[in-house]
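Student: prediction below, plus the sequence it came from.
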Amino acid sequence: MIKGISTLSTFLRLLEKYWWLLLIVCVGITYVLIMLLARGQNVWFDEGYSIILAKQPFTRLLALTGVDAHPPLYYLLLRLWGSTFNWSEFALRSLSAVAASGTVGVMILLVRRLFMKKVALLTMPFLVLSPFFLRYGYEIRMYALVGLIGVVATLFLVTALQTKKKKWWILYSIFVALGMYTLYMSVVIWLAHFVWLLVRSIKQKDITLKQPWIKAYIGAVILFLPYVPTFLYQMTHSALPGIGSVLTIDGLGGVLSLMMGYIPSWQIGGILSIALLLFVGLGIYLTIYSLKKMPQTNKQWFWLLLICFLLPLAFYIVTSLLPKPFFIPRYMAHIVIFFYGLIGIISALGWRYGKRITAIIFGGLAIILLTFGVVQVLRTGNFNFERLQMPETTSIRSVITCDSSSVVMADDPYTYIDSAYYFDGCNLRFYSPENINFSGGYAPLHDSGLRVSSAESVHASTLYVLHWVGSESLFQPSSHYSLKTSQTFNKQVVDYYVLQP
């Protein structure tokens, strides 16, 4: 065992010589892994909504985001990205993958700055094999981008404190504002930073409004002020769907199982439960032990990263108790990188401070769980845990013939947005007896010429109706049509009608 430990130490010293090369390799592997996991994953409602918004003219895009639940920066960037690299799935998912792989690179740099090269090197595999993070690394949404902003801002914060140079506080202030313009839930990162800085200042007995970090937050608020009226409107006219849940003990267990094994709580078996409990127990033990051993400087940085994960979690627990809870697991996507980084740091520090066998067991168990999680992402894909369905729109599209004599009817606005990406060039319509309100995720369909309010207004030789398993189709074709086939793909159904002679 001693010989093996000595060999590992020698190997780490060798890797230190190729620090930058390994950093680049980790970023590249993360990007490739994300895009491999993305292969064959259908664009679903949230992603379809992102694409629809990104294709809008600039002023309409801003108007649509102003009546929804999220700010506009990601959609603007996606619009620029799609216009530059085209609107293929590969290109659109690449934006998130580039942001996610960049996040891994910056996180490694952050760990290197806070601790040492060896700690950063040992953290690399835990960051690359990060199932929950990888899953949202290909989502055509803002989560990967805001994760990058959060980690870069944390690096700027640390650099500002270490160098005491004003430019880093200015950059930090800008990135806090950018985070708020990308995802309002980025506030949990800034809140964690604020609490950590406040406690640090209290300990140093140096709390004044002249503190550079206070000025940085004031600057961020000023930068965000132009959007405050829109933000207030969104908060008072909430367009969030009613899919939030209270974050109970069972919910926390589900969050942990998703982060480590990408498996929901109701699918956790006995072996996985034991593995997760052992992982948590060893992690807590090594954390407490390492905190007692590490120097005060390292200790404060460790607490910064720990708070960047734990405080957002506490925020979600408290806010999930509101009358209308809004917590959903994917709101962890932009902070989970701190969790994976901490696994590597805890393993490395446990090793450094003498608990080598424990550190090996903890790190090895984590790698096994994370690898299992990556395989689960490959198997599960973008399964919708809220609706318990796997998008199968590409399969549906393959059985539909689009020509001038056919109409494809989405049963409701949700189905239209969920399907629209794959029906470019088809006569795709949606059924809604009433005009769509200019608010929420359906706002792009307000006053749409594609809306069908009556079955009698449909005139086509062939008609395809898209709806869902478990409920009768809202759109019922007129008596002039006869049903020929009905095919089910997971929970999606396509009914094929022909016009009677």
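Tutor: All right, it came through fine.
Student: pull out the buried residues from stretch 426-436.
Tutor: For stretch 426-436, burial by neighbour count (16 or more other CB atoms under 10 Å) applies to 426-432, 436. All C-beta atoms are positioned from the backbone trio N, CA, C, and that covers glycine.
Student: dump the residues you listed into JSON lines; add pLDDT, distance to L474 and secondary structure as well.
Tutor: Shown next, in JSON lines, are the buried residues of stretch 426-436 (pLDDT from 0 to 100; distance: CB to CB, whole Å; DSSP: H, G, I helix; E, B strand; the rest coil):
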{"residue": "C426", "pLDDT": "93", "distance to L474": "20", "secondary structure": "coil"}
{"residue": "N427", "pLDDT": "94", "distance to L474": "19", "secondary structure": "coil"}
{"residue": "L428", "pLDDT": "96", "distance to L474": "16", "secondary structure": "strand"}
{"residue": "R429", "pLDDT": "96", "distance to L474": "13", "secondary structure": "strand"}
{"residue": "F430", "pLDDT": "96", "distance to L474": "10", "secondary structure": "strand"}
{"residue": "Y431", "pLDDT": "96", "distance to L474": "6", "secondary structure": "strand"}
{"residue": "S432", "pLDDT": "96", "distance to L474": "9", "secondary structure": "coil"}
{"residue": "I436", "pLDDT": "95", "distance to L474": "14", "secondary structure": "coil"}
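Student: need the next SSE after the lowest-mean-pLDDT helix or strand in the chain, C-terminal direction.
Tutor: None of the helices or strands of the chain scores lower by mean pLDDT, DSSP states H and E than helix 2-16, at a mean of 66. Counting by DSSP states H and E, the next helix or strand C-terminal to helix 2-16 is helix 19-38.
Student: list the buried residues of that following helix.
Tutor: Buried-residue list, helix 19-38, by 16+ other CB under 10 Å: 22-23, 26-27, 29-31, 33-35, 37-38.
Student: average pLDDT for it?
Tutor: Rounded to a whole number, the mean pLDDT of helix 19-38 is 96.
Student: go on, stretch 154-169?
Tutor: When pLDDT is averaged over stretch 154-169, the result is 96.
Student: ok, W468 - contacts?
Tutor: 411, 415, 491-493 (CB atoms under 8 Å, 6 or more residues apart in numbering).
Student: residues contacting stretch 348-356, please?
Tutor: Under CB under 8 Å, 6+ apart, the answer for stretch 348-356 is 5, 115, 118-119, 122-123, 286, 289-290, 293-294, 302, 358-360, 362.
Student: go on, stretch 408-424?
Tutor: Stretch 408-424 has contacts (CB under 8 Å, 6+ apart) with 42-45, 47-49, 51-52, 391, 393-394, 396-397, 400, 402, 426-432, 436, 441-442, 444-445, 450, 452, 458, 463-468, 473-475.
Student: please flag which of these sit within strands.
Tutor: 428-431, 452, 463-468 (DSSP state E).
Student: can I get the residues you listed in a markdown table with distance to I202?
Tutor: Formatted as a markdown table, those follow (distance: CB to CB, whole Å):
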| residue | distance to I202 |
| --- | --- |
| L428 | 59 |
| R429 | 61 |
| F430 | 56 |
| Y431 | 60 |
| V452 | 62 |
| L463 | 68 |
| Y464 | 65 |
| V465 | 63 |
| L466 | 58 |
| H467 | 58 |
| W468 | 54 |
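Student: ok, V43 to G137 distance?
Tutor: Counting by CB to CB, to the nearest Å, the separation of V43 from G137 is 15 Å.
Student: out of the contacts of W468, which are inside strands?
Tutor: 492-493.
Student: state the pair within the contacts of W468 that is farthest apart.
Tutor: D411 and K491 (12.5 Å; CB to CB).
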